[in-house]
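A.B. asks: Curious how this folds, go ahead:
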Amino acid sequence: MSFLCCCFAKPPALEDEGGGVYRREEDQVGSFKRLRSWKKTPRLLDKYELLEMIGEGKTGRVYRVMSVAPPSFEAAAKMVTKEYLHTPERQRAFAEELAIVQRVQHPSLLKVLDVYKESDKHVIVMERAFGGEVMETITSSRFLSERDVAWIIRELLTVVEYLHANGITHRDIKVDNILCRTTELRDGIVLIDFGLAHQGGGLGVHDMTGMNGTCHFMAPEMFGRESQYGCEIDLWAVGVVTYILLFGHYPFDARFMSQVEDKIVAGDYEFPPETAHKVSTQAIEFIEHLLVVNPLERPTASDALSHPWMDLENCSTRKFSDPHMEQLRSFQDARRPPSTHIKMNTPPIVPLSPTGSL
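C.D. replies: Purely as a prediction, here's the structure:
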């Protein structure tokens, strides 16, 4: 959803209006109850007109809103009901999400515009991404090349590198959470939804537990009931996203989720023979570089950005064949109904150039 001030190795403490400091772990529930930075007198509807729901997740709903005062602009408002936040665990998670999205600042993250605490809900108003899910964008295009996919992944790794450098693990990187900033893919992507994100010790620190996220994108170490894991899980998820954008399949898939889990833990995947020969050896090696079962052998985001496939000059600009594109579209159609992130009252996606090059 939104984002922080650049380049500090450790997150700064958050101060309330009385000069107090909000602690990140032990005091998060307390800080949740006394966040002075939230606007307690103004209401959302004092500043924004509520238009329509454009998304729904585990923690709340997202609405399209329009500013009341000129010059008018559109934004997105995430609403989390107090009914949902009835447990200390959920309060702690929401406080952590809020702290993260108010801190971060990066071109591939959305900015927080306003935060409201109302009688029955909490509201985070942020910039709106108008381009829809990246999977929708590429499957709507007549021209897609391997270089286009490599560019998307490089943009994603850049923001992951930034988050990890600031001690933040996203924990829910997936194709659903990667949007295009505008209807022009060249204007960039944004990584959204920090509902499961964690502020910890950063690189090399394993201080997270629990099966958080979406099964197909979860790293092997997340399935260990007692094991702790670190930010390496985000790199695994980037590998899964890369595989999907190139081949239109999940790398780990089965009829039952328990079977998917078994495949992930074993690192049991293969490349689809009908399309594997249509992508470069470097692309295959890049995915293999990330989908390593042992997290200690997995590259960092910085390492991954140094992989030869991330040098776009080495990537083919030849457009994917019609059968290749049909497989990507079939995956998108079967995965779920078209996203509502931007489908309402927004212009159509602008296709990539005929050369397939960005």
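A.B. asks: Helix or strand with the lowest mean pLDDT in this protein?
C.D. replies: strand 21-22 (a mean of 34; mean pLDDT, DSSP states H and E).
A.B. asks: Give me the pLDDT value at residue 138.
C.D. replies: Model confidence at residue 138, given as pLDDT, is 89.
A.B. asks: Tell me the secondary structure at it.
C.D. replies: helix (DSSP: H, G, I helix; E, B strand; the rest coil).
A.B. asks: Mind pulling the model confidence for the residue lying closest to it once chain neighbours are set aside?
C.D. replies: If the residues on either side of it in the chain are set aside, residue 138 comes closest to residue 144, at 5.3 Å by C-beta to C-beta, 6 or more residues apart in numbering. (Each C-beta comes from the backbone N, C-alpha and C, glycine too.) pLDDT recorded at residue 144 is 90.
A.B. asks: The stretch 51-200 of the chain: helices as residue ranges?
C.D. replies: 88-103, 134-140, 146-165 (DSSP state H, counting those that start in this stretch).
A.B. asks: Quick one, which of these gets closest to residue 335.
C.D. replies: helix 134-140 (7.8 Å; C-beta to C-beta).
A.B. asks: Show me which positions of the closest one end up buried.
C.D. replies: The neighbour-count check on helix 134-140 (16 or more other C-beta atoms under 10 Å) flags 134-140 as buried.
A.B. asks: what helices or strands is it leaning on?
C.D. replies: The contact analysis (3 or more C-beta pairs under 8 Å, 6 or more residues apart in numbering; DSSP states H and E) places helix 134-140 against helix 146-165, strand 178-180, helix 232-247, helix 322-335.
A.B. asks: Go through those and name the closest to residue 310.
C.D. replies: Short answer: helix 146-165, nearest of these by C-beta to C-beta, at 5.2 Å.
A.B. asks: I'd like the distance from that closest one to the chain centre, please.
C.D. replies: Here helix 146-165 is found 11 Å from its chain centre; the criterion is C-alpha atoms, centre = their mean, to the nearest Å.
A.B. asks: can you map out the strands along the protein?
C.D. replies: If you assign secondary structure with DSSP state E, the strands in the chain sit at 14-15, 21-22, 48-56, 61-67, 74-81, 112-117, 121-126, 168-169, 178-180, 189-191, 198-199.
A.B. asks: can you redo those as CSV with mean neighbour count?
C.D. replies: Below are the strands of the chain laid out as CSV (neighbours: other C-beta atoms under 10 Å):
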stretch, mean neighbour count
strand 14-15, 16
strand 21-22, 16
strand 48-56, 15
strand 61-67, 19
strand 74-81, 20
strand 112-117, 20
strand 121-126, 22
strand 168-169, 26
strand 178-180, 26
strand 189-191, 26
strand 198-199, 21
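A.B. asks: Format the ones you listed as CSV; extra columns: distance to residue 157.
C.D. replies: Below are the strands of the chain laid out as CSV (distance: least, C-beta to C-beta, whole Å):
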stretch, distance to residue 157
strand 14-15, 28
strand 21-22, 30
strand 48-56, 25
strand 61-67, 25
strand 74-81, 25
strand 112-117, 23
strand 121-126, 23
strand 168-169, 14
strand 178-180, 12
strand 189-191, 11
strand 198-199, 19
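A.B. asks: Which among these is found nearest to residue 262?
C.D. replies: strand 168-169 (24.4 Å).
A.B. asks: Which strands border that closest one, and is each parallel or antiparallel?
C.D. replies: Strand pairing for strand 168-169, determined by DSSP bridges: strand 198-199 (antiparallel).
A.B. asks: so what's residue 185 closest to, chain neighbours aside?
C.D. replies: residue 137 (5.8 Å).
A.B. asks: in terms of contact, does that neighbour touch residue 186 like I think?
C.D. replies: No - using C-beta atoms under 8 Å, residue 137 is not in contact with residue 186; the gap is 11.0 Å.
A.B. asks: follow-up on the earlier one: least reliable of the helices of the stretch 51-200 of the chain going by mean pLDDT?
C.D. replies: When I compare the helices of the stretch 51-200 of the chain, helix 134-140 is least confident, with a mean of 90.
A.B. asks: could I get the helices and strands packed on helix 134-140 as CSV with distance to residue 310?
C.D. replies: Below are those laid out as CSV (distance: least, C-beta to C-beta, whole Å):
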stretch, distance to residue 310
helix 146-165, 5
strand 178-180, 17
helix 232-247, 11
helix 322-335, 21
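A.B. asks: In this structure, where is pLDDT below threshold?
C.D. replies: Scanning the chain for pLDDT under 70 picks out the ranges 1-41, 201, 336-358.
A.B. asks: and if we set it to 50?
C.D. replies: 1-27, 34-40, 338-358 (pLDDT under 50).
A.B. asks: Reformat the helices of the stretch 51-200 of the chain as a markdown table; add distance to residue 60.
C.D. replies: Formatted as a markdown table, the helices of the stretch 51-200 of the chain follow (distance: least, C-beta to C-beta, whole Å):
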| stretch | distance to residue 60 |
| --- | --- |
| helix 88-103 | 9 |
| helix 134-140 | 22 |
| helix 146-165 | 21 |
